[in-house]
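Chemist: need a 3D model of the sequence below.
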Amino acid sequence: MAIYLDCNATTPIEPSVASVVRRFLEKDFGNAASPIHDYGVFALTAVEHARGQVAEVVKARRDEVIFTSGATESNNLAIFGLAEAGRQSGRRHLITTAIEHKAVLEPFEEMARLGFEVQILPVGANGRFDPQRLADALRPDTLLVSTMQVNNESGVLQPLTEVADILSQHDLYWHVDAAQGFGKELEQLRNPRIDLISISGHKIYGPKGVGALVARKHERQFPPLRPLMFGGGQEQGLRPGTLPVPLIAGLGEAAKLALRNNSERIAQCRTFRDKALATLSALGAEQNSAEEYTLPHVLNVSLPGINSEQAIKALKRVIAVSSTSACTSHTHTPSHVLTAMGLSSEKVEQSIRLSWCHMTPDVDWCEVETILRALRG
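Modeler: Numbering: from 1, shown residues only. Here you go, the predicted structure:
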């Protein structure tokens, strides 16, 4: 079996997380909305415990965590949820960046069809947007700024600290898609200026199908979000439906472990990165992001003379890697992220993404090098 190096698409589940999920599937299977007996009480207790575990990672309040099905739903709730506030206030200007996930870019496209004005900021060759461009783009009628924390294809950490300083004097709403960085890079998301944070369970060694939107209160008031669905009033009235207690409990456990083991995980990922870079550099690989901004569990490189699809197929019995976002891989279109960074079409076609974690076993890098050299003939 190939060693899995596609953790930016989804991560393996931590054994203790799987154990927690199993417990609430098989034993404590009550409905959290029915705390009239022990089954319901145990379920509700598990949900609230998990809410606190997620909140602790970003130093939010427990009641500021809204459970969803994942970061895509959280992004949609953050963006579309503000539409009515924008209409009522006359603030219809929205800002995002060219390297956002489609779960942000496509909602922004829909908001444009609904009459909002969307401004998309470019990025540099280092994979980051320029905070000064954001500052220059702000207007009195700006309603929302949406910027990701870490890019899913390049692994580049975005300049959120600088953005927080810029936005400190503005009363607009700031949303951060933190699907790739939550529980991995800790400090930036703890800035209280960030109003809305989207997270996903299956990117931090938790279960698929669960995530959260952190909606920070200011002066005891939530951002003026409206729900996308109706029927039940759960989750502060923003996300109706029976709560998936096993998944939520698993997300809480994953968040706890991410916080507790953060330094150890980073060290393990850096060691793995050094070995991967040594092999790929010997092949003349060029990194497609600035090393100083890239998190230690991701490498996006272009291999001169080797098409990415050929490389992925040739390597599939040794390592499992990808060439683009999992959500868009079926379209066979060039990476919008690498294109926005100014890479040539040739370099984009030669790019592969490797992403690993603290649970990734050692790779036979000699075999990887042999296979890739053979492709060059």
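Chemist: tell me the bridge partners for D6.
Modeler: Beta-bridge pairing for D6 (DSSP bridges): S355.
Chemist: tally of neighbours for it?
Modeler: Using other Cβ atoms under 10 Å, D6 is surrounded by 17 other residues. Heads up, the C-betas are built off the backbone N, CA and C, glycines and all.
Chemist: residue contacts, it?
Modeler: Contacts here follow Cβ atoms under 8 Å, 6 or more residues apart in numbering; on that basis D6 touches A320, V321, S322, A326, R353, S355.
Chemist: then A137?
Modeler: I95, Q119, L121.
Chemist: emit the ChimeraX select command for whichever of the contacts of D6 are buried.
Modeler: Selection of buried members from these for ChimeraX, criterion 16 or more other Cβ atoms under 10 Å:
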select :320,321,322,353,355
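Chemist: the residue most central in space within the chain: helix or strand, and which one exactly?
Modeler: The chain has A179 as the residue nearest its centroid, 1.6 Å off, counting by Cα atoms, centre = their mean. A179 belongs to no helix or strand when assigned by DSSP states H and E.
Chemist: not counting residues beside it along the chain, what's closest to it?
Modeler: Leaving aside its sequence neighbours, A179 sits nearest to A71 (Cβ to Cβ, 6 or more residues apart in numbering; 3.8 Å).
Chemist: quick check on the one you found: phi, psi?
Modeler: Backbone torsions of A71, given as degrees, to the nearest 10, read phi -60, psi -30.
Chemist: show me the shaky parts of the stretch 1-150 of the chain.
Modeler: Residues of the stretch 1-150 of the chain meeting the criterion pLDDT under 70: none.
Chemist: now the strands for it?
Modeler: Using DSSP state E, counting those that start in this stretch, the strands found in the stretch 1-150 of the chain span residues 3-4, 65-68, 93-97, 117-121, 142-148.
Chemist: for these, which one sits closest to L375?
Modeler: Nearest of the strands of the stretch 1-150 of the chain to L375, taken as Cβ to Cβ: strand 3-4 at 19.0 Å.
Chemist: what does the closest one rub up against?
Modeler: P12, V318, I319, A320, T360, P361, V363.
Chemist: list the contacts for the closest residue to Q234 other than its chain neighbours?
Modeler: Distances taken as Cβ to Cβ, 6+ apart place P240 nearest to Q234, at 5.4 Å, with adjacent residues excluded. By Cβ under 8 Å, 6+ apart, the residues touching P240 are P227, M229, F230, G231, G232, G233, Q234.
Chemist: repeat for G232
Modeler: Going by Cβ under 8 Å, 6+ apart, G232 touches A33, P240, G241, T242.
Chemist: buried only: go through the residues you listed for me.
Modeler: When the contacts of G232 are checked for burial by 16+ other Cβ under 10 Å, the buried set is A33.
Chemist: now the contacts of G232 in CSV, with distance to L196?
Modeler: Converted to CSV, the contacts of G232 look like this (distance: Cβ to Cβ, whole Å):
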residue, distance to L196
A33, 25
P240, 19
G241, 20
T242, 24
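Chemist: which single one of the contacts of G232 is nearest to R133?
Modeler: Comparing those against R133 with Cβ to Cβ places P240 closest, at 38.7 Å.
Chemist: what pLDDT is listed against the closest one?
Modeler: Looking at P240, its pLDDT reads 93.
Chemist: assess the claim that D177 and A71 are in contact.
Modeler: Yes. Between D177 and A71 there is a contact under Cβ atoms under 8 Å: 6.4 Å.
Chemist: look at the two and report which has more neighbours.
Modeler: A count of neighbours by other Cβ under 10 Å puts D177 above the other of D177 and A71, at 31 against 26.
Chemist: leaving out the residues flanking it, which one is nearest to the more buried one?
Modeler: M148 (4.4 Å).
Chemist: how far away is that neighbour from L225?
Modeler: In this view, M148 and L225 are 19 Å apart by Cβ to Cβ, to the nearest Å.
Chemist: cool, Q287 as well?
Modeler: Computed as Cβ to Cβ, the Q287 to L225 distance reads 39 Å.
Chemist: among these two, which residue is more densely surrounded?
Modeler: Taking other Cβ under 10 Å, Q287 and L225 do not tie; L225 has more neighbours (24 against 17).
Chemist: setting aside sequence neighbours, what's the nearest residue to the more buried one?
Modeler: Residue nearest to L225 in three dimensions, not counting chain neighbours: G81, with 3.5 Å by Cβ to Cβ, 6+ apart.
Chemist: residues contacting the nearest residue to H202 once chain neighbours are set aside?
Modeler: By the measure of Cβ to Cβ, 6+ apart, the closest residue to H202 outside its immediate chain neighbours is K208, 4.2 Å from it. By Cβ under 8 Å, 6+ apart, K208 lies in contact with T10, G70, G201, H202.
Chemist: pretty sure K208 is in a helix, no?
Modeler: No. Using DSSP: H, G, I helix; E, B strand; the rest coil, the secondary structure at K208 is coil, not a helix.
Chemist: got a list of what A249 touches?
Modeler: V20, V21, R23, F24, A46, V47, H49, A50.
Chemist: can you list the residues you listed in CSV and add neighbour count and distance to E219?
Modeler: Shown next, in CSV, are the contacts of A249 (neighbours: other Cβ atoms under 10 Å; distance: Cβ to Cβ, whole Å):
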residue, neighbour count, distance to E219
V20, 25, 36
V21, 25, 37
R23, 16, 39
F24, 21, 36
A46, 24, 31
V47, 22, 27
H49, 15, 28
A50, 28, 27
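Chemist: all set, thanks.
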